[in-house]
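Chemist: For reference, the sequence and a predicted model appear below.
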Amino acid sequence: MNKGLSPTDIVGGSFWLLSIAMIAATFFFFAERSKVAGKWKTAMTLVGTVMVIAAVQYYYLENMWISTGQAPLVLRYIDWALSRPIQVVSFFVLLSAVTRLSTALFWRLLVGSLVTVVAEFLGSAGYMSTTLGFLIGMVGWLYILGELYLGEASTANANSGHERSQMGFASLRLIVTVGWAIYPLGYFMDHLGGGVDVNTLNVIYNFADFLNKLIFGLVIYRTAVDSTDSSTS
Amino acid sequence: MNKGLSPTDIVGGSFWLLSIAMIAATFFFFAERSKVAGKWKTAMTLVGTVMVIAAVQYYYLENMWISTGQAPLVLRYIDWALSRPIQVVSFFVLLSAVTRLSTALFWRLLVGSLVTVVAEFLGSAGYMSTTLGFLIGMVGWLYILGELYLGEASTANANSGHERSQMGFASLRLIVTVGWAIYPLGYFMDHLGGGVDVNTLNVIYNFADFLNKLIFGLVIYRTAVDSTDSSTS
Amino acid sequence: MNKGLSPTDIVGGSFWLLSIAMIAATFFFFAERSKVAGKWKTAMTLVGTVMVIAAVQYYYLENMWISTGQAPLVLRYIDWALSRPIQVVSFFVLLSAVTRLSTALFWRLLVGSLVTVVAEFLGSAGYMSTTLGFLIGMVGWLYILGELYLGEASTANANSGHERSQMGFASLRLIVTVGWAIYPLGYFMDHLGGGVDVNTLNVIYNFADFLNKLIFGLVIYRTAVDSTDSSTS
Amino acid sequence: MNKGLSPTDIVGGSFWLLSIAMIAATFFFFAERSKVAGKWKTAMTLVGTVMVIAAVQYYYLENMWISTGQAPLVLRYIDWALSRPIQVVSFFVLLSAVTRLSTALFWRLLVGSLVTVVAEFLGSAGYMSTTLGFLIGMVGWLYILGELYLGEASTANANSGHERSQMGFASLRLIVTVGWAIYPLGYFMDHLGGGVDVNTLNVIYNFADFLNKLIFGLVIYRTAVDSTDSSTS
Amino acid sequence: MNKGLSPTDIVGGSFWLLSIAMIAATFFFFAERSKVAGKWKTAMTLVGTVMVIAAVQYYYLENMWISTGQAPLVLRYIDWALSRPIQVVSFFVLLSAVTRLSTALFWRLLVGSLVTVVAEFLGSAGYMSTTLGFLIGMVGWLYILGELYLGEASTANANSGHERSQMGFASLRLIVTVGWAIYPLGYFMDHLGGGVDVNTLNVIYNFADFLNKLIFGLVIYRTAVDSTDSSTS
């Protein structure tokens, strides 16, 4: 952090903001984990883990930005390769707390999310045609959405009869549908749509990532706390 | 920290003091969180989170000050954009422990505090007229005060019938009224009132921030501990 | 991290990924440790310890890579000298939770794993003939496999009558058989098989290490959680 | 830590020693806090907080010493402004565990200790006549001693009828009487008594601080543990 | 860590290994502390504290070695001045869990161990004749051995009638007898026996320290766990 941060440096400022916010979120989710009932604790751990990953990632990116004035977009796949599969698997963990699921669903969700991230990475980094990377990434994402809206996850959720969990499931699914649209959109603009300013995209990604992770985490937190309270009383 | 800190460097010394104090406060609030009853734990977590944010922020600012001799005031919005909404939301969490509240109140408090911080930031950073930023910021702050003195939060507090919580609520409201006046005041002096020495303002902000955060936290701590004791015995 | 990380730097990127993943894994395993029954806690601690070791090791290697552009393969023995014995000893700890074992088995497993790592290190670093280092390393590994498939560990596992633990044991044994084959294979390619590009081997080792440690940890976690649940209900 | 530490550098070595010792003390007091009964936990938290403050302070001073070869005495007031009030307040917290106290005593102790530190700081840093700073500092210290030997704190202690707590109180009071004499003494030697070598004073302060903090903490720890044991059995 | 670590740098590699191992040991002992019964927890805390001290010390030494290519032996007294008294006091804490001891024993053990370390330090750093430092250090060590084999500690151990604790005591005593012989031996070789290569001695000290601390800790851990299990069942 030798050169400091200029007051007009929105990219650097947003990295700084994100790194602090994610450290604080790590404390929040791991501390509040102690409040929820046993079967909800693993979901809280996963959410906390997503915050840890983002905290370290943004700390690294912020330092790199201040030292070098660059924060290549492709480095974001380091975070995404870890956090997006964890978030998709969170659906499985959340449903596991209230109903019985097949192990196959776990693997389908994990593989689907990994395929998405890896394809987008290979396209972004130039190891694969950018168009092919985009298409495979889209297929992976649509597959996950299919699983959540029409597949086993959807059915299991509908049959669980656990109202709080169903509300949480619907909210999380909405985040994955709407919030995650930023990832293929950013990819498209950067690689297929004629290019876009990397700084602008960094700032957009920062705030999208912030909301996608934080709101996702808070929905799981709220579901876990409400379910704990109602099962106690 | 290559160049060290001069004994006569009050700005740097106050950053150093704040960074240490906030680390210590983080330990204090998270450790003491274990002492309070379940329903007060979330308020303690939020207070602890505010300390974490300030600890990292002041650590960054101190390092930047020592390396570059600068600590632009606008960077403070990185902390404020996180800590002020959390503090305003703390009223909701505190009241939630003793009475039932509408979810709408949560959103009104959150949005009100965000509007204040964002408007002041846009004005400070030059993305908006400084006067307009000031006015919108004032409106947001006054709205929050209205909510706390006259609105749903005020009514819910009056009807809770929980004496300890009401004492805490009154103290917190006083901090937001009197202590938080430093933020528009500093803004006014810096941008509208003919300018002010940035070093002086940094030192004033440091001590105001210190008191606003620490006393706010201690009031919540005291309320939580007293309520825990009285409900146990 | 002064020079930053180039988007096309796969070696540096994989170090970055690993260092973040292992920090996150440390949080995960230590947090989830609280969920498992008392007698499974030590196994979880050992798994968490392996993650701590890898987190620090990869953080160091990443920093070295970025500063110097080098990450000599022989430095990996610093991690391996600690993590591989801990992982082999985990078999003992896992079986100890469900059956009675001789202390001699503990020492045989510990010494066997240490012999493997030390011999490979001495061969790699040039303190011993590379061929001799390879052969002694192979003998140590085969000895451990013998213990797990045919020796006391195998018998104790078969006689424990604890189905979940037996499933875990079989999975862990498979990792040590198949996943660990990367270590002598990499050694052979590097020192005996005509040489190999150090960057390629670094990337291969990173992903092999990642899977060997993470899956190993998750198998123990799954075994501990399932055994806790079934013994409670 | 670029230039390293020379074997004959007693100042740097004592900073190094203190920074490590205080980190270790932080772990010790926060871990052992779990052993004491609920009403003693806050005293343990305060002691732990004092260690955190010292750990960070000495870490900073050590780094500054190694980079610049200087560690101005006046920077010590950053630690003292936080740790001495916390230690004085510890008397209140300790007595609160065994008897009922007026809130006014809390404020008198807090203000008394702050007056002492702030006056000494203003005198040291040249914002006030060194003689006046010394005199006000002495008055503050003597006031605290008066409170502890003759005032409400003394009476409350005598009337508590809790033998263990009274032993602890007497020991802590002795530390504040004898051990804390180093602070006005060092101030006098430095500013009024013709000057003294800053390195010598740094080393003296380091060891005095070490003992004042560690023994103070251990007395509270011992009191808390003994009271917990006797109330359980 | 700017210059990185050469693959053939055994001194630097052993510092690296030790710093990682001690961080991992810190996690291990503090996590497993939760498993042992209340009266054994303090012994576990002390062991964990020794690991913290070593972790920070070796981290500092490793950084210094990489930046400057030097790691003067006399800096080791910073660790030893803290860790050796803690380890000697561990005998008192261990015995306290199973029998009643005089406070005088505590002070004799503490003073004896401090005399040893301080005398050796004064001799090594040239503040005292190296021969005199050696002799006083030897007297301190022999005094501790006398206390453990013939004095009150020995008698208390024999009379405790707690088999597990007696086994632990015997093992710890053996470490202090045999393992600690490295300290006067290294001192003698370095200062009295014609000199020795500082790098060789650094490596020897590293591995001796590693074993002396880790095995010491594991013996206490084993004793605490076994005693907890047997008292529960």
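Modeler: Perfect, I can see it now.

Chemist: Relative to C:Asp226, how far out is the spatially closest residue to A:Trp40 that is not a sequence neighbour?
Modeler: Leaving aside its sequence neighbours, A:Trp40 sits nearest to A:Ala224 (CB to CB, 6 or more residues apart in numbering or on different chains; 3.6 Å). Quick note: C-beta positions are derived from backbone N, CA and C, even for glycine. In this structure, A:Ala224 and C:Asp226 are separated by 21 Å, where distance is defined by CB to CB, to the nearest Å.

Chemist: These two: which is more packed in?
Modeler: A:Ala224 (27 against 17; other CB atoms under 10 Å in any protein chain shown).

Chemist: wait, what's in contact with that one?
Modeler: Shown here is A:Ala224, whose contacts under the criterion CB atoms under 8 Å, 6 or more residues apart in numbering or on different chains are A:Val36, A:Ala37, A:Trp40, A:Ala43, A:Met44.

Chemist: Kindly report the same for A:Phe29.
Modeler: If a contact means CB under 8 Å, 6+ apart, then A:Phe29 has A:Met44, A:Val47, A:Gly48, A:Met51, A:Gly217, A:Tyr221 as its contacts.

Chemist: Nearest to chain C among these?
Modeler: Distances from those to chain C were compared by CB to the nearest CB; the smallest belongs to A:Gly48, at 6.4 Å.

Chemist: helices or strands up against whichever strand or helix holds that closest one?
Modeler: Assignment of secondary structure by DSSP states H and E places A:Gly48 within helix A:38-68. With contacts defined as 3 or more CB pairs under 8 Å, 6 or more residues apart in numbering or on different chains; DSSP states H and E, the secondary structure elements packing on helix A:38-68 are helix A:10-32, helix A:76-96, helix A:198-232, helix C:10-32.

Chemist: The closest residue to A:Tyr59 other than its chain neighbours - how many residues pack around it?
Modeler: With CB to CB, 6+ apart as the criterion, A:Tyr59 has its nearest non-adjacent residue at 4.6 Å, and that residue is A:Ser19. Around A:Ser19 sit 23 other residues, with neighbours defined as other CB under 10 Å.

Chemist: isn't A:Val117 right up against A:Ile78?
Modeler: No - here A:Val117 does not reach A:Ile78: they are 10.2 Å apart, not a contact under CB atoms under 8 Å.

Chemist: circling back to that earlier point, for the residue nearest to A:Tyr59, list the residues it contacts.
Modeler: Contacts here follow CB under 8 Å, 6+ apart; on that basis A:Ser19 touches A:Ala55, A:Tyr58, A:Tyr59, A:Leu61, A:Glu62, B:Val56.

Chemist: Swap in 10 Å and give it another go.
Modeler: Counting by CB atoms under 10 Å, 6 or more residues apart in numbering or on different chains, A:Ser19 makes contact with A:54-63, B:56, B:60, B:78.

Chemist: and if you look at A:Glu147?
Modeler: If you count contacts by CB under 10 Å, 6+ apart, A:Glu147 has them with A:Val88, A:Phe91, A:Phe92, A:Leu105, A:Arg108, A:Leu109, A:Gly112, A:Ala153, A:Ser154, A:Arg173.

Chemist: Can you check the pLDDT for it?
Modeler: We note a pLDDT of 94 for A:Glu147 in this prediction.

Chemist: any idea whether it is helix, strand or coil?
Modeler: Look at A:Glu147: counting by DSSP: H, G, I helix; E, B strand; the rest coil, its state is helix.

Chemist: Distance of it relative to A:Ala119?
Modeler: Between A:Glu147 and A:Ala119 the computed distance is 17 Å (CB to CB).

Chemist: What of A:Leu105?
Modeler: Computed as CB to CB, the A:Leu105 to A:Ala119 distance reads 21 Å.

Chemist: The two: which is more packed in?
Modeler: For A:Leu105 versus A:Ala119, the count of surrounding residues by other CB under 10 Å is larger for A:Ala119: 22 against 18.

Chemist: my read: the more buried one touches A:Ala125, true?
Modeler: No - contact status for A:Ala119 versus A:Ala125: not in contact, 11.1 Å apart, counting by CB atoms under 10 Å.

Chemist: and the closest residue to A:Met44 other than its chain neighbours, how many neighbours?
Modeler: The shortest distance from A:Met44 to any residue other than its chain neighbours is 4.0 Å, reached at A:Arg33 (CB to CB, 6+ apart). By the criterion of other CB under 10 Å, A:Arg33 has 21 neighbours.

Chemist: One more: the one 10 residues further on?
Modeler: By other CB under 10 Å, the residues close to A:Ala43 number 26.

Chemist: need the contact list for it.
Modeler: Under the criterion of CB under 10 Å, 6+ apart, the contact list for A:Ala43 reads A:33, A:36, A:89-97, A:168, A:217, A:220-221, A:223-224.

Chemist: repeat for A:Ser227
Modeler: Under the criterion of CB under 10 Å, 6+ apart, the contact list for A:Ser227 reads A:Val36, A:Ala37, A:Lys39, A:Trp40, A:Leu94, A:Ala97, A:Val98, A:His162, A:Glu163, A:Arg164, A:Ser165, A:Gly168.

Chemist: Check A:Met1 and give its pLDDT.
Modeler: The predicted local confidence for A:Met1 comes out at a pLDDT of 42.

Chemist: returning to that earlier point: among the contacts of A:Phe29, pick out the one closest to E:Leu5, please.
Modeler: A:Met51 (31.9 Å; CB to CB).

Chemist: Sounds good, over and out.
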